[in-house]
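# Here is a sequence with its predicted model. Questions after.
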There are 4 protein chains.
Amino acid sequence: MIHTHKKLSLCPDLETAQTHGVHEECGVFGIYDTDGGDVASSVYYGLCSLQHRGQESCGIAVTDTSGASGNIRFHKDLGLVQEVFKAETIGGLHGNLGVGHVRYSTTGATTRENAQPLVLNYIKGTLALAHNGNLVNANELKKELVYGGAIFQTTTDSEMIAYYIARERVHTKSVEEALLKTAKKIRGAYGLVVMSPRKLMALRDPWGLKPLCLGKRENSYIVTSESCALHAVGAEFIRDIEPGELVTIHQDGTITSDKSLQQEQRAHCIFEYIYFARLDSVIDGIKVYDARIRAGHALAKAYPAEADIVTGVPESGLTAARGYAQCAGIPFEIAFYKNSYIGRTFIKPTQKERVSGVKLKLNVLEPVVRGKRIVLVDDSIVRGTTMANLIQMLKKAGAKEVHVRISAPPFLYPCYYGTDVPSNEQLIASSHTVEEIRQIIGADSLGYMKIEDLQTMVGKLGICKACFDNHYPIKNEEIQ
Amino acid sequence: MIHTHKKLSLCPDLETAQTHGVHEECGVFGIYDTDGGDVASSVYYGLCSLQHRGQESCGIAVTDTSGASGNIRFHKDLGLVQEVFKAETIGGLHGNLGVGHVRYSTTGATTRENAQPLVLNYIKGTLALAHNGNLVNANELKKELVYGGAIFQTTTDSEMIAYYIARERVHTKSVEEALLKTAKKIRGAYGLVVMSPRKLMALRDPWGLKPLCLGKRENSYIVTSESCALHAVGAEFIRDIEPGELVTIHQDGTITSDKSLQQEQRAHCIFEYIYFARLDSVIDGIKVYDARIRAGHALAKAYPAEADIVTGVPESGLTAARGYAQCAGIPFEIAFYKNSYIGRTFIKPTQKERVSGVKLKLNVLEPVVRGKRIVLVDDSIVRGTTMANLIQMLKKAGAKEVHVRISAPPFLYPCYYGTDVPSNEQLIASSHTVEEIRQIIGADSLGYMKIEDLQTMVGKLGICKACFDNHYPIKNEEIQ
Amino acid sequence: MIHTHKKLSLCPDLETAQTHGVHEECGVFGIYDTDGGDVASSVYYGLCSLQHRGQESCGIAVTDTSGASGNIRFHKDLGLVQEVFKAETIGGLHGNLGVGHVRYSTTGATTRENAQPLVLNYIKGTLALAHNGNLVNANELKKELVYGGAIFQTTTDSEMIAYYIARERVHTKSVEEALLKTAKKIRGAYGLVVMSPRKLMALRDPWGLKPLCLGKRENSYIVTSESCALHAVGAEFIRDIEPGELVTIHQDGTITSDKSLQQEQRAHCIFEYIYFARLDSVIDGIKVYDARIRAGHALAKAYPAEADIVTGVPESGLTAARGYAQCAGIPFEIAFYKNSYIGRTFIKPTQKERVSGVKLKLNVLEPVVRGKRIVLVDDSIVRGTTMANLIQMLKKAGAKEVHVRISAPPFLYPCYYGTDVPSNEQLIASSHTVEEIRQIIGADSLGYMKIEDLQTMVGKLGICKACFDNHYPIKNEEIQ
Amino acid sequence: MIHTHKKLSLCPDLETAQTHGVHEECGVFGIYDTDGGDVASSVYYGLCSLQHRGQESCGIAVTDTSGASGNIRFHKDLGLVQEVFKAETIGGLHGNLGVGHVRYSTTGATTRENAQPLVLNYIKGTLALAHNGNLVNANELKKELVYGGAIFQTTTDSEMIAYYIARERVHTKSVEEALLKTAKKIRGAYGLVVMSPRKLMALRDPWGLKPLCLGKRENSYIVTSESCALHAVGAEFIRDIEPGELVTIHQDGTITSDKSLQQEQRAHCIFEYIYFARLDSVIDGIKVYDARIRAGHALAKAYPAEADIVTGVPESGLTAARGYAQCAGIPFEIAFYKNSYIGRTFIKPTQKERVSGVKLKLNVLEPVVRGKRIVLVDDSIVRGTTMANLIQMLKKAGAKEVHVRISAPPFLYPCYYGTDVPSNEQLIASSHTVEEIRQIIGADSLGYMKIEDLQTMVGKLGICKACFDNHYPIKNEEIQ
């Protein structure tokens, strides 16, 4: 009831949807209890542990594979997982096969209609899809579909994927086959989890842009975006789903894998390691924690500073700060108190209030910083106002110097694969030099991670760093 | 927040949806302010006056025809119009062209997903549909669509109509043309209101099963299910939309009409006059009030009674009672107090409470009935328990005799056109003779309207009375 | 969540509360199941049937008389009974002795804090009070209490009554004795229900201004404002509580009565019969229905009219209209359709909407009125705008003449006993002659019930009609 | 809507309330803008920064000192500050003088009725009180009051304080004088903020058990429990209110102080420093951060460990861990990821789920702990299950040894001053030796802060550590 204004939804026309794109970041989770137990609560806990991947909407769909009906029970809405799902709702979602989704998108498309999983009827009964990522040939695909008479009730790429699966399923022998044929049509980033009346399928894009992994708990099998969701439900990590691989879990617990899709050069999204993934996840063999520590090392080598302490902006800047401190041999300290009660429904102060929103969320621990020269690490500078505020607060509390280190290069190019990069007008880096930014935020020095150092975070893993260097792994995409 | 259990939705598989059908009763409303003013509040008031046609879910979709975008803003949810829409929501729905819908359906498909208007993107941009009625060739249509690769996100016939419009639009020059081609494919009952970026269209089924009329307020044009909705928004009634007619309202205020569809024998639903339509509406030239008065006359002639007063079960039985009283020359009285505070969220008493739900809702006015021989008129007997309760209450309050008259014949056959007729197991009339029913409910005499008298309610108007006599106006329908 | 603005409460200072008074109309209900069964659901159904006496807030308090604790469980809030109470809440209110309250008050004091029953701890444990009425020596009482150091957390007279009970209880042997001593201090109108850990008490003011009656269902005893609440819970009416009588129901089912309070001249509120009480209630031996029929008779005799039909404004005007019709020998008709879906949360139309709120709620049944000369009966005219609207609607629908008859004299004097009479500025009658009002509302003739005819409504019953004739039954009251 | 079950409130009888006590922890905030600006939003931000002191209910009361009325507008309810207050509510709370409160209590008394501030009318008009603390002579005071005829509508000590103020005010010249007289009657811990129509008063108990400080922002003056609330609203800290001091802020901006109350030996609650106060607050001249760092030093000296890293349980254990690390010369690390999305409405896993609630909230950062000997610091062990879980998680992630250090002695004695100490049955320390606890939780070693080391946290400040050593600063209290 509180969020009525959000329920007011905008359904942009075809052109609008294509132009603005649907820059979403999401998390997916699928589980199949081959012993027949209910899985909704496991999906719930899995989604809670993926909440950092999307706080706008969420949903769970389940089916009971022992029945003949293939009926799907589902619930989805705008809000956090623990806002949307109550004990009664979870209790009513009976079924031993389920998929879930958490979603984030740009403001314009914050609609309940776009919440996932997408649940549908088609030629072979029911289907539920949960998708993380963005297609780059969406315009082309949509054009083909609408010329065939398709109608779209959401503005998500997932609906297009569903259409292709349905079309292909008419002529193929299995839903897996239809999925593979669909995969040959769609180009872009996807971690896709699909539930049919008897099977749970997981398909990862051939570049590996989006993460997807497989786990197991007794006779339950799980596919999800990040390994942290496996731990949350007490499951063991089995392995990453490979780029271009389709994994199918069958009713008897058999797991089949199809790697027949054309191989592409690996291009794992570096942004997952820099910021997006959870600190305790392991993606494609690389621990996120280690990657961030190494980012700190790289920063320390590239931009040393004469300082008394190293600290980070909570929470995301702390690990790179720890790495910087290690490498530089300077003590690591926690210098801010974070008020964890300030949530989404907090009334933001207006200018008139003479109160800073940043200060209500973060306050400086004066005994830590008084008289100190400080290295302050964060993962990005967007507008620069928050950073300027923090530096001012530190100096007011007695800090002698503040040296800012950013554990990523400046975002300069759009991401077409599903990461919501702020637009150029919002990004201070798009119109100012590093020295200008330093002056604006009031730092004593400022250093951004060098593009050439990004690789050090993840060893030999093939990465996509297009948002920093304009080298897009998927060629000839329509958007460019 | 209150209705969480309803949000838990069931998406039945294809077979289930076909078998059970989607027996819905609904109301539609469309308005085009060609002067450019906002219309959302008018749709709101229109839907409030159509609320009797569906209390399960409702929705409003609007567009601004002066813009280039064709963007549609909409909001829909489970609940009554005044529960779903608050002042802020209405205030945010800017646009001078809008459609709205109220919906009722059988329990199984009470889902938020099925709420209308259906809003979609297709080859020519955006479209919103609001549909009252039911198709009889839905299975056949759905089969054709799914074999073409269609996916269904709702279990409504409206989605099928939308698909056909989209398919036809690929090859036609205008949305009107696509609508007409669609009309040739679909068979069944429909009052359909469609909103494209620049036009408002209304299409009525060739049998005239569902009502649809046209009105005007200054430079605003309105199409809606019942004339009462015109009065609610201060508009004048222009005329009924004819069976098989497509009316289009254009941006410059021009109204065009297309009657090229094949004419069928008129079969206006008699149930609209008996119970469903609002007492102050006029449908196809017949005043609902007059029709019910005439039903009373017919009852009085067919089943006279020696009585002191005539009364009706509030609200729906009162007008036929008035007609009976007129014809029989017996005084008409209001004999029940109705507690209007008992609404949807009322906690129904269990057996244990020793309280009757009927009695909480209706109480006898003892001074009216004591010592009297009473004619009690209602429009139907379903299970018989409510009527038995009322008769018992009347007798306990001192009534000497209670003669029950029902202003409709017994429902004996299913309606395939969108009226939710209770199933046979629920209907006392399907397994008992009139005399048995009289004994069960404890009446001193009982008379049902004769099938042959139904026509007297509406003069020479062609009617559908298939639920009473098994003569269905649409031939060869797949369901039979 | 919906009514946030109402939760914002005003706690006026002492002077303000005294000056404006707390003009409340309320309903009370108390029940004692001496067999030990839970009573909360019975209180719920009782309050539902008293909802017409107050729609602003409500509450239920229960205790378990078998326990030693005297603990009271309660819940109260702003809203209708079915909004405030859900099945879980009722289910959690265990106890075989309970009291409930529905409340209406002027806007200024619409606060959750003022919701009743008032639940408190005092020298002898716990107490819950529910009070209908208004004291006239409230200022004097409050002065005495605050000089003794009292604090007030509500702006209700009930809190003062509670203080006096508590004070007297220190020196008396029983709570009944304390109640009687309190009754000697307080002057005004009250129907008071009090629950102590083991007893249920009901006290009625010595003038009989407020109604109170006693009923029985098996081994449960009930005290409540109106007999309709007895029927709602399946109980039998035993008798009215007499003016000045204290009735106590004990744990063993014994009922004791104390009539030791000084007798005063009876002054039953005539407004209960005119409008306030429910049509199916019997108060002090007079059936409300009969009283209203007789009001119609009196009107017909005083103001005959040449007319074709008689009708009333639903719901409250219908019964007097029936009486008028009977007496005048003119047919009685229902001439308006009332939209029962228009409730409290309805968005009222602004001037800009070109829609009338009255018309959304009530629409004329044109076949009833066209070409007719009409007598239209209602129970009051406040501002005159609604009546003017209705007359305009009738004439637009073809009525030839509209003769308005009002089943009460004009309100001209304030009520100090708990009935919320609109202020003079709001009342058209306070500044206009009957002829002026007739012209303003556009009626062809207008007649108000004569003060001298009021008595005919209730036979020989002593009545208070001070709001019409300025003769207040309680002398020397401080307010005058 | 969410918390219906909490709204069901229990009003225990006198004995129950006295026996169980009302063990509450709270935060208070008062502000007076002598320039006349609205203060509600400042109270809101102040309460947000005090939310750690109480998450059960909250409230704000304001008055406009320029008016003659002294009217108080207020809103309070169960829930977090940002749940209870929305922009409209704050916007409607006009007034330049306001008080606010956040509250925590034991489950039994979780009632909306007990929410503060307490707002009341008394002999001199209106009053609002917000109280942090607990009285030890509550029984005696209540007995005196009820024998004088008092009634209690809450189960809070604050209502008793209000009664005494009201009583004294009858015979005194000012509300300050009444407050001082009240202070001579009440014994216990209190940080009390009182708002009269023109004044803001703050009174601190003579032992200084509860914190209270004074701040200033332009011409606004603020009194609050902790200095962090001053920073939140952009105010400067002026000074602590002294134990036994009454500070009054007048309409003209004058601040008066009265220290006439009998001085007692200072006994500042050590628990504020150990856990309760916010890390960035300064109380009685001691920085909370410094106190916790020194606790870590003391632990390191008392219980050294051969270890590779030192870490703390987030958030409260981190600072003492930092202190331990500093003193021991071992690196400080953050070893857990904390899921900040897990809030109050989270559905807790049942045993059946095979998922641990601790693990959903906290996950080990495996790269930090693998192969390491770890010192793990927290501020308390209650049941021991959480700590056992964490140790198991650490070991499963590869930790070689886990040495637990607790930055407080074991709680062994009840707190009568308003801190909610778990009952003996819940406390593992009350029935086990340290060695037994070590075995139960699976630690390699375990050390609790020594009672004699507590003083090192706060220098020469007089402290109350009765919950650890059974030496209560207030003598002869009735409870013992």
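Thanks, I have it.
# packing partners for the longest helix belonging to chain A?
Ordering each helix of chain A by length in residues (DSSP state H) puts helix A:288-302 first. With contacts taken as 3 or more C-beta pairs under 8 Å, 6 or more residues apart in numbering or on different chains; DSSP states H and E, helix A:288-302 sits against helix A:318-328, strand A:401-406, helix A:454-457, helix D:366-369. Quick note: C-beta positions are derived from backbone N, CA and C, even for glycine.
# now do 10 Å
strand A:282-283, strand A:309-312, helix A:318-328, strand A:373-378, strand A:401-406, strand A:445-448, helix A:454-457, helix D:366-369 (3 or more C-beta pairs under 10 Å, 6 or more residues apart in numbering or on different chains; DSSP states H and E).
# Each with direction, which strands does the fourth one pair with?
On the basis of DSSP bridges, the sheet neighbours of strand A:373-378 come out as strand A:309-312 (parallel), strand A:401-406 (parallel).
# residues of the longest helix of chain A that come out buried?
Under the neighbour-count criterion of 16 or more other C-beta atoms under 10 Å in any protein chain shown, helix A:288-302 has A:288-300 buried.
# repeat for stretch A:37-57
Buried residues in stretch A:37-57, counted by 16+ other C-beta under 10 Å: A:38-57.
# and of the buried residues of helix A:288-302, the nearest to chain B?
Of all the buried residues of helix A:288-302, chain B sits closest to A:Val288, with 35.2 Å by C-beta to the nearest C-beta.
# Tell me the pLDDT of that closest one.
Looking at A:Val288, its pLDDT stands at 98.
# just checking, it touches A:Phe271?
No - contact criterion C-beta atoms under 10 Å: A:Val288 and A:Phe271 do not qualify, at 11.4 Å.
# Find the residue ranges of chain A scoring beneath the pLDDT cut-off.
Across chain A, the ranges flagged by pLDDT under 70 are A:1-24, A:105-110, A:476-480.
# Show me how it divides into domains.
Taking automatic domain parsing as the criterion, chain A consists of the domains A:4-264, A:287-461.
# Can I get the ones you listed in JSON lines including distance to B:Met201?
Converted to JSON lines, the domains of chain A look like this (distance: least, C-beta to C-beta, whole Å):
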{"stretch": "domain A:4-264", "distance to B:Met201": "17"}
{"stretch": "domain A:287-461", "distance to B:Met201": "38"}
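# B:Ile222: which of the ones you listed is closest?
domain A:4-264 (23.0 Å; C-beta to C-beta).
# quick one, which of the domains of chain A is packed in tightest?
domain A:4-264 (a mean of 22; mean count of other C-beta atoms under 10 Å in any protein chain shown).
# name the element A:Lys348 belongs to?
Secondary structure assignment for A:Lys348, by DSSP states H and E: no helix or strand.
# so which of the helices and strands packed on helix A:288-302 gets nearest A:Tyr413?
A:Tyr413 lies closest, by C-beta to C-beta, to one member of those: helix A:454-457, at 14.0 Å.
# Distance from the closest one to the middle of the chain?
Here helix A:454-457 is found 20 Å from its chain centre; the criterion is C-alpha atoms, centre = their mean, to the nearest Å.
# and it, does that touch chain D?
No - Helix A:454-457 is not in contact with chain D by C-beta under 10 Å from any C-beta of the partner chain; minimum separation 13.4 Å.
# Also stretch A:226-245?
Yes - Stretch A:226-245 reaches chain D (C-beta under 10 Å from any C-beta) through A:228, A:231-235.
# Now do the same contact list for A:Leu203.
Counting by C-beta atoms under 10 Å, 6 or more residues apart in numbering or on different chains, A:Leu203 makes contact with A:131, A:161, A:176, A:179-180, A:182-183, A:186, A:190-194, A:212, A:223, A:241, A:244-248, A:258, A:261.
# now do A:Ala397
By C-beta under 10 Å, 6+ apart, the contact list for A:Ala397 reads A:335, A:363-370, A:372, D:231, D:280.
# one more time with 8 Å, if that's ok
By C-beta atoms under 8 Å, 6 or more residues apart in numbering or on different chains, A:Ala397 lies in contact with A:364, A:366, A:369-370.
# again with A:Thr224
If a contact means C-beta under 8 Å, 6+ apart, then A:Thr224 has A:27-30, A:46, A:50, A:193, A:212-213, A:215, A:230 as its contacts.
# quick one: it from chain B, how far?
A:Thr224 sits 23 Å away from chain B, going by C-beta to the nearest C-beta, to the nearest Å.
# ok, now A:Lys143?
9 Å.
# what's the closest non-adjacent residue to A:Thr319?
In space, not counting the residues next to it along the chain, A:Thr319 is nearest to A:Arg292; the distance is 3.9 Å by C-beta to C-beta, 6 or more residues apart in numbering or on different chains.
# I'd assumed A:Gly317 was in contact with that neighbour.
No - with contacts counted by C-beta atoms under 8 Å, A:Arg292 stays clear of A:Gly317, the gap being 9.3 Å.
# Now for these two: what residues contact both?
What both A:Arg292 and A:Gly317 touch, as defined by C-beta under 8 Å, 6+ apart, is the set A:Ser407.
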